[in-house]
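In: For reference, the sequence and a predicted model appear below.
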Number of protein chains: 2
Amino acid sequence: MSKLLIVGTVAFDAIETPFGKTDKILGGAATYIGLSAANFKNVDSAIVSVVGEDFPEEHLNLLRSKNINIEGLEVVKGGKTFFWSGKYHNDMNSRDTLATELNVLENFNPIVPENYKNADVVMLGNLHPLVQLSVINQMIIKPKLVVLDTMDFWMNCALDELKQVIAKVDVITINDEEARQLSGEYSLVKAARVIAKMGPKYVVIKKGEHGALLFHEDNAFFAPALPLEEVFDPTGAGDTFAGGFTGYIASTNDISFKNMKNAIIQGSNLASFCVEKFGIERMKNLSQQEIKNRLLQFKQLTQFDIKLD
Amino acid sequence: MSKLLIVGTVAFDAIETPFGKTDKILGGAATYIGLSAANFKNVDSAIVSVVGEDFPEEHLNLLRSKNINIEGLEVVKGGKTFFWSGKYHNDMNSRDTLATELNVLENFNPIVPENYKNADVVMLGNLHPLVQLSVINQMIIKPKLVVLDTMDFWMNCALDELKQVIAKVDVITINDEEARQLSGEYSLVKAARVIAKMGPKYVVIKKGEHGALLFHEDNAFFAPALPLEEVFDPTGAGDTFAGGFTGYIASTNDISFKNMKNAIIQGSNLASFCVEKFGIERMKNLSQQEIKNRLLQFKQLTQFDIKLD
């Protein structure tokens, strides 16, 4: 049994897409990561995060039902849960943020439960770099793999702190535009090389509907996004990808490049479900058979047999 | 030995990219297709096209040296060769056309040489749909595979004629925006289904640096573009892709979906060379070893081994 420690937001989201809109529903990076990683065997996951008193027991129970340890999920008395609201444009590739209410997140001081200070894999979901750094510093044994997700917001307002975190992780996941911003290089091959020099041996560049690239030294691996009839709601796709990636790594206990290729596919596979319904709806009751069938689709989508002798 | 009949422009291009600019150099869809297909064994290729008296013997000799039959390449006395000039923007994904001089193309009446009226594979490069239609109609035996390339220009000014051609081909290659325009569907999965109903059993959607998708009934295959440090000049990449696709199909004489997957990879592989230098420069002296090495890179880029039992 490997331990996976997840830090990230647990939140309320209100989402509008061309297909409809939601009231305040369960969201947050750690939620998506946790639900995604929960699809793998032999993984003991824990979430470190914070919510307010307004956070319903029902959501906590959902996480518990997925065997996610929430000892490190602080509930602030009298506090309000972090709230994000966004509206996607017709092409689903861009969105406007309508509201961001930090609430309890503003003074969040993450406490890693004793029993997870020796986690094998640490997934640092998108949050203030200082919170991510604090989690790394609480580990009493160096984890086998530390994976960082971040976004342009922190590049714009906390670049120095972000660079401190980047220097301490093994893998960074970042989208294409953010990789260009962080590196100052337009070519993603060059961008990955520049970012790798900042610390991470593995650089994952997410391109949304265009798939994801994994770079390590002079090697590259590419996972397409599954071509879907309709993307219903892209919210959480990147976090679900990260949860699939780290969940699979923890489950297999293998951090070789070869296994990371599989992990990238597993992440892409789970993300392809996430976008089919609003919020976490599709991820709540995903069956092993559904996951397997779609992995088979990924194989058919990408595997060929040109003989090279 | 399979016969591959190629119709398309043979032209002069003047290209400007952020890396430099060229004078009038050899270009044209049929040129790129022919040079690309010339990398496969057991293919007897012929080009049907037209040039002016200004077209240098040296260019004709290049085509001959690649064993491309140019009996059907008409040289118009006193005529001027088709000329296109374009400037790429910094991101290399968009370009402005600076000049289009149709010249001899204006009254082009394609004549398929007797010996190629029974070609196994016909590649209809981007040209007026009526020219493409005329070539199909000259075939005395139904070819095993007819592949069509086209562009938005013909959708805007000759849609009815274009639809007549589309109804008669087995494979269409088209870029993502054009597929959306032609089908009226944003989702590429839906777009491919609508286009398939117009005639072609196989729909290839090209996404430039984001790769290419092949659709057939409910099956899909995806080939990424090789991640390159630098794209020097994208001119001809789509035609080189089409030449690799049809050249490989002709060479293997196998039109199964399974083999088309390989053909898509071969096309993507050759296109990855094309963009490394201006115009046809990189394609002139490509070695079998270089091609093979890069196919190996494609394998490493895409192949994984998740066990699904």
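Out: Arrived safely, thanks for sending. Because the structure is a prediction, the values reported are computed rather than measured.
In: And the helix ranked longest in chain A, what's buried?
Out: Longest helix in chain A, counting residues (DSSP state H): helix A:257-274. By 16 or more other C-beta atoms under 10 Å in any protein chain shown, the buried positions in helix A:257-274 come out as A:259-274. Placement of C-beta: from N, CA and C, glycine included.
In: next structured bit after it?
Out: The helix or strand immediately downstream of helix A:257-274 is helix A:281-284, counting by DSSP states H and E.
In: what about whatever residue of the stretch 1-150 of chain A ends up closest to chain B, how many neighbours?
Out: Going by C-beta to the nearest C-beta, chain B is nearest to A:Asp91 of the stretch 1-150 of chain A, at 7.0 Å. As a burial measure, A:Asp91 scores 10 neighbours (other C-beta atoms under 10 Å in any protein chain shown).
In: gap between it and B:Pro129?
Out: A:Asp91 sits 29 Å away from B:Pro129, going by C-beta to C-beta, to the nearest Å.
In: Just the buried residues of the strand ranked longest in chain A, please?
Out: The residue-count maximum for a strand in chain A (DSSP state E) belongs to strand A:43-52. Neighbour counts over strand A:43-52 (16+ other C-beta under 10 Å) mark A:43-52 as buried.
In: chain center to whichever helix or strand comes after that strand: distance?
Out: Moving toward the C-terminus from strand A:43-52, the next helix or strand (DSSP H and E) is helix A:57-65. On the basis of C-alpha atoms, centre = their mean, to the nearest Å, helix A:57-65 sits 20 Å off its chain's mean C-alpha point.
In: Buried ones in helix A:57-65, by neighbour count?
Out: Here helix A:57-65 shows A:59-60, A:62-63 as buried, counting by 16+ other C-beta under 10 Å.
In: for that helix, packing partners?
Out: Applying 3 or more C-beta pairs under 8 Å, 6 or more residues apart in numbering or on different chains; DSSP states H and E, one finds that helix A:57-65 makes contact with helix A:29-37.
In: about what we covered before: could you list every helix and strand that the longest strand of chain A packs against?
Out: Applying 3+ C-beta pairs under 8 Å, 6+ apart, one finds that strand A:43-52 contacts strand A:2-7, helix A:29-37, strand A:68-69, strand A:73-76, helix A:237-252.
In: As TSV, the ones you listed with distance to chain B, mean pLDDT and mean neighbour count would be great.
Out: Shown next, in TSV, are the helices and strands packed on strand A:43-52 (distance: least, C-beta to the nearest C-beta, whole Å; pLDDT from 0 to 100; neighbours: other C-beta atoms under 10 Å in any protein chain shown):
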stretch	distance to chain B	mean pLDDT	mean neighbour count
strand A:2-7	18	98	27
helix A:29-37	16	98	31
strand A:68-69	24	98	22
strand A:73-76	32	98	18
helix A:237-252	9	98	28
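In: now those as a markdown table including distance to B:Ser183?
Out: Shown next, in a markdown table, are the helices and strands packed on strand A:43-52 (distance: least, C-beta to C-beta, whole Å):
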| stretch | distance to B:Ser183 |
| --- | --- |
| strand A:2-7 | 41 |
| helix A:29-37 | 32 |
| strand A:68-69 | 43 |
| strand A:73-76 | 47 |
| helix A:237-252 | 25 |
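In: and B:Ser85, which of these is closest to it?
Out: For B:Ser85, the closest of those is helix A:237-252, at 41.4 Å, according to C-beta to C-beta.
In: Give me the distance between that closest one and the centre of its chain.
Out: Chain-centre distance of helix A:237-252: 7 Å, with C-alpha atoms, centre = their mean.
In: sorry, back to before: how far out from the middle of the chain is the longest strand of chain A?
Out: Relative to the chain's own centre, strand A:43-52 is displaced by 13 Å; criterion: C-alpha atoms, centre = their mean.
In: same thing with stretch A:166-177?
Out: Offset of stretch A:166-177 from its chain centre (C-alpha atoms, centre = their mean): 12 Å.
In: and A:Phe82, how many residues sit next to it?
Out: A:Phe82 has 25 neighbours, counted by other C-beta under 10 Å.
In: A:Arg193 looks like it's in a strand, true?
Out: No: with DSSP: H, G, I helix; E, B strand; the rest coil as the criterion, A:Arg193 is helix rather than part of a strand.
In: For chain B, see how far away it is.
Out: 9 Å (C-beta to the nearest C-beta, to the nearest Å).
In: One more: A:Trp154?
Out: Here the criterion is C-beta to the nearest C-beta. By it, A:Trp154 lies 25 Å from chain B.
In: you'd agree that residue is in a helix?
Out: Yes: using three-state DSSP, the assignment for A:Trp154 is a helix.
In: Secondary structure class of the closest residue in space to A:Ala192 that isn't next to it in sequence, three-state.
Out: For A:Ala192, ignoring the flanking residues on the chain, the nearest one in space by C-beta to C-beta, 6 or more residues apart in numbering or on different chains is A:Phe215 at 3.8 Å. Following three-state DSSP, the label given to A:Phe215 is strand.
In: Good, wrapping up.
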